[in-house]
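Participant: pasting the structure only:
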């Protein structure tokens, strides 16, 4: 029996008893200590770095840990076994996995402009932003010995008078504080609730001046969660927040999460990771900083993929990946905030954007809503690049969708120096063909040195490496130079910043494994587009518009994305980046009953194409795993300079 | 700083730190240890007996503790102060306070017959026993690769088919276990829920064979709680249970309880005492013994006085006793079992029978329902003798009600040897006028010796003492004999069993203080009847029927009750004992929507007469505090033999 102390960065330490030989990552999971492990513990990703502070562990050597780092105590948790009492430092996982991806969380004016344009388009498409929530200010006569009407009747009468309704429902959560609030506020109060036909259903009572009614729109990504609090009366954004999805410690992708939830107690653990550990702190924090009472959150909406929705609700998600692929629900609207003990009004409905298939979920249906392609005659292609890639093609007459396992490369995952688009990230690259010297656009103040590279930077870099003939169509290095280096296995890499040029003193580079990962990811996307169009007997030239959404961010250079064969080679003016469309659509749903209705229509009109069993997809994928493609005629504008 | 260990009979010990000088009863309350204290700790009732096991306490002497008992360690908690570490034995409060009152809990065939007659009368009065709860057995096709409809849609379709409804609502509590139950039961299940218009709202899902739907009817008395579980389909009684109201440690009467709930944290404490400590264990126990799942309890109903209802809901009850007497609610129907975390289906409504005044609550409106007097032409008087006395007078045209503070004497409280009608209780007495020897009817097997005297026995005894001229009209002893004894103050008592005759070795007797308490109680009842009738310009001879309900029990001898001037001197055939009418009415409500509707009508048609401010009531009361009355002409059939 040994004792392991996890010293968690920015949190309290956790002590757990264990046996010698226990795997450190497994132990951390048992102790509910969050360690980033996108590969779910097979030693391949190198992200589960922890630092030995006291004692010893038995660790396998790993190329992810340099010798100096090893000497400092750094180990991979997944490759380490307990051998006696020890103290382990665990870096803050939030910064760890946020460092690998870009969060479309409305943190820049550009993203906000995109978001607002989406909403404007929805309005122009005839979606009225109306909802049934009302804040009613009522002033009652104070009771006297001659006027002894009970509190609940007094309030009901006043509301009936004010709203002209026949019925007023007072639930328990209002009843228990009614007497106190009425007296404290001298019978001058504001009641918030839902107006439905001739019935007003109270949800909250407070001071007359507190009329704020809040909606909470949430995008639950596999990797990242983003949300906005909005004023239900006018749609104003009151606060926004984001963080990593706390489920990350159970694996980076949906498959690993599903496997984890299938274990004893797994459903509860995965649900807690998203509800208690992720959403609850964000909402609580937004409420605290804005001074909004959680009880004023009267409606919530969630855009998430099918697996995330199942794990969020706490129902078995095994069916998402196992025959006969029958999920608990695609479309379900019975959830209340109180069911999950979310910090919101317990009676607030939690709208879940409807899923249409195992791998095309509510984030896509609601994203499709946000794109407005359902209202257009033109043929549109919607591409959501998150941890998975999902596509929708169609117009007002039909909608066809599919999903492909693109992996997290577009979010900077699976890339050795990948990071999110924050200070120090290379977000754009050009390369001088002659000197092979890169010119970097680095996020941050002037003089900011390079830390890593984010999604848009990777696209640029690969496109430029290809254009300059530094890599070939297979992504292998074919020119030598000072920036091109090779390890002892001969694996090439392109150094965009060496030890002296980088912020951290660690080289920032892109190696052949990274490039291969990325080519497979872009190949998955392109072949999915091709298969989807083929399935409706259409060709690339029939595409009138391409809406690109998701974590890849607004910095994406569409020309370069076409150049590497990721997106179809159509007129660049047809491309539109529409930001976090899952959040945009959720925002519309929380504010507008018509948006809810329209999303349900979009979902029920959308056809789901299962790629994995579709004849031809695999061939198409293999053919797409080149730069730009084995069939270069598909990309007449792709350039590899002689 | 001292440490007190409470050794609680039949429960775990509790340890609490305290200061020397702390009052032992207060300390027990702080530690959540239930000690019976009907007088709320002023030393007068002598019920808070505890036994010192280790250590010492400083106690005032009390006539409630004999010398031998003192030597054994018995003390009154309210008269004791901590003086160093000690261990205190606390007798089981349930037995303690149940010993003082009779519980009309359907434990005898006679009570069940009365209960069933009530229900039969309701049916004859046109109340249909119909409710919206349905158990739907559905058999679905098991999913295949060609039939991948999600679980919730599969279930909804099947229910729509089965019931012919348009909508099926599936709430969270069903959704979270849907996938599991469907597969475990091979898609052959029973769904229980509520049918409302063209919508079926699921509440529970389980095996196809489990079709039991249960209603829980509850009578929350100030002293006692009784309940029945009933089959919602046929009204069959599945289980019944009762226990003391756990709030008893906060005082025996509603006033003391209200004072206690007004203290910091008091609302929560009083609510916990009834919900967590009283109702929850009874329901859980009934479910356990019958094998019924708590989730199958789909509706609950509560008959309780206004204060009990407020404390149950957890809202401020101060208004019940304080000007301007504006309660939180009289009639409110927004409560769900889940709000209180009762062991029942969380979506089950908890119907609270409507209150009509501070001291005429739901137990009376629903008791009036059970009496069926609202359906009759004849003038009826309804008398509920619980910890308080409440009266309703009227017929199908009008209903007039009032309450009087009769105290707990009818339940055997406030009487030194009072007890409930269980083994060892004297339930009937006759006295030989010449020898003054009592002839006792004692509950129990042949040879059972006397332990105490219950409500009906007290009425008999006082009536007989008066008839035989042993006590005078003031209740003072005026004949001497071997059964009449006096203490050193000269206070007389009638010994019904001396040390050698009683079961316990303690004398069982009725003293002048007991008789005085009882005369004041019966005087309160009679003067209330008189005032109520006067208020509508009616007289005693206009009474066509008298319905007696409540804890006094079925053993009551109406002739003797008239003889002592407690009930009006009308034809004895007009008297009907109707048992626990609050429970009867609650049972009707839980089973029948028409009964709910009728109770609401009864409540809204009932006029409340406030006796305390009514001119003439006090004079009437003073005049009634004699045997049978200062105006003997009111009781032509009362007998005091020469």
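Facilitator: Received the coordinates, thanks. Values in this document were obtained by computation on a predicted structure and should not be read as measured data.
Participant: mind listing what residue A:177 touches?
Facilitator: residue A:205 (CB atoms under 8 Å, 6 or more residues apart in numbering or on different chains). Using the backbone N, CA and C atoms, a C-beta is placed for each residue, glycine as well.
Participant: Relative to residue A:151, how far out is it?
Facilitator: 10 Å (CB to CB, to the nearest Å).
Participant: Can you pull the poorly scored residue ranges out of the stretch 501-642 of chain A?
Facilitator: A:551, A:553, A:642 (pLDDT under 70).
Participant: low-confidence ranges in chain A?
Facilitator: Judged by pLDDT under 70, the stretches of chain A that qualify are A:37-45, A:92-105, A:107, A:411-412, A:420, A:551, A:553, A:642.
Participant: distance between the ends of stretch A:9-29?
Facilitator: End-to-end span of stretch A:9-29 (CA to CA, to the nearest Å): 16 Å.
Participant: Helices along the stretch 301-450 of chain A, start to end?
Facilitator: Using DSSP state H, counting those that start in this stretch, the helices of the stretch 301-450 of chain A run over residues A:306-313, A:318-321, A:337-340, A:362-371.
Participant: Report the buried residues of stretch A:337-349.
Facilitator: A:337-340, A:342-349 (16 or more other CB atoms under 10 Å in any protein chain shown).
Participant: okay, the residues you listed in JSON lines with distance to chain B next?
Facilitator: Listed next are the buried residues of stretch A:337-349 as JSON lines, based on distance: CB to the nearest CB, whole Å:
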{"residue": "A:337", "distance to chain B": "10"}
{"residue": "A:338", "distance to chain B": "8"}
{"residue": "A:339", "distance to chain B": "4"}
{"residue": "A:340", "distance to chain B": "8"}
{"residue": "A:342", "distance to chain B": "12"}
{"residue": "A:343", "distance to chain B": "17"}
{"residue": "A:344", "distance to chain B": "14"}
{"residue": "A:345", "distance to chain B": "14"}
{"residue": "A:346", "distance to chain B": "9"}
{"residue": "A:347", "distance to chain B": "11"}
{"residue": "A:348", "distance to chain B": "13"}
{"residue": "A:349", "distance to chain B": "11"}
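Participant: from these, which two are the most distant?
Facilitator: A:343 and A:349 (15.5 Å; CB to CB).
Participant: Please enumerate the strands of the stretch 351-500 of chain A.
Facilitator: A:380-385, A:389-394, A:399-404, A:425-431, A:438-442, A:452-453, A:484-486, A:492-497 (DSSP state E, counting those that start in this stretch).
Participant: The longest one pairs with which strands, and in what direction?
Facilitator: Think strand A:425-431. strand A:438-442 (antiparallel), strand A:452-453 (parallel) (DSSP bridges).
Participant: Go through the strands of the stretch 351-500 of chain A and name the closest to residue B:138.
Facilitator: strand A:399-404 (31.4 Å).
Participant: how about that closest one against chain B, any contact?
Facilitator: No. Residues of strand A:399-404 contacting chain B under CB under 8 Å from any CB of the partner chain: none, with a closest distance of 15.6 Å.
Participant: So what are the sheet partners of that strand and their directions?
Facilitator: Partners of strand A:399-404, by DSSP bridges, with direction: strand A:389-394 (antiparallel), strand A:606-608 (parallel).
Participant: Can you lay out those as TSV showing distance to residue A:361 and mean neighbour count?
Facilitator: Output for the strands paired with strand A:399-404, formatted as TSV (distance: least, CB to CB, whole Å; neighbours: other CB atoms under 10 Å in any protein chain shown):
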stretch	distance to residue A:361	mean neighbour count
strand A:389-394	8	26
strand A:606-608	11	19
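Participant: Present the ones you listed as a markdown table; the columns should include distance to residue A:126.
Facilitator: Shown next, in a markdown table, are the strands paired with strand A:399-404 (distance: least, CB to CB, whole Å):
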| stretch | distance to residue A:126 |
| --- | --- |
| strand A:389-394 | 18 |
| strand A:606-608 | 19 |
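Participant: ok, the residue lying closest to residue A:460 once chain neighbours are set aside to chain B distance?
Facilitator: Spatial nearest neighbour of residue A:460, chain neighbours left out: residue A:429 (4.2 Å); criterion: CB to CB, 6 or more residues apart in numbering or on different chains. Note on residue A:429: its distance to chain B, by CB to the nearest CB, to the nearest Å, is 45 Å.
Participant: Residue A:436 is in contact with residue A:429, correct?
Facilitator: No. At 12.0 Å, residue A:429 does not count as touching residue A:436 under the criterion of CB atoms under 8 Å.
Participant: Who has more neighbours out of those two?
Facilitator: Neighbour totals were compared for residue A:429 and residue A:436, and residue A:429 leads with 26 against 19 (other CB atoms under 10 Å in any protein chain shown).
Participant: dump the residue contacts of that one.
Facilitator: Contacts of residue A:429 by CB under 8 Å, 6+ apart are A:438-441, A:453, A:457, A:460-461, A:464, A:496.
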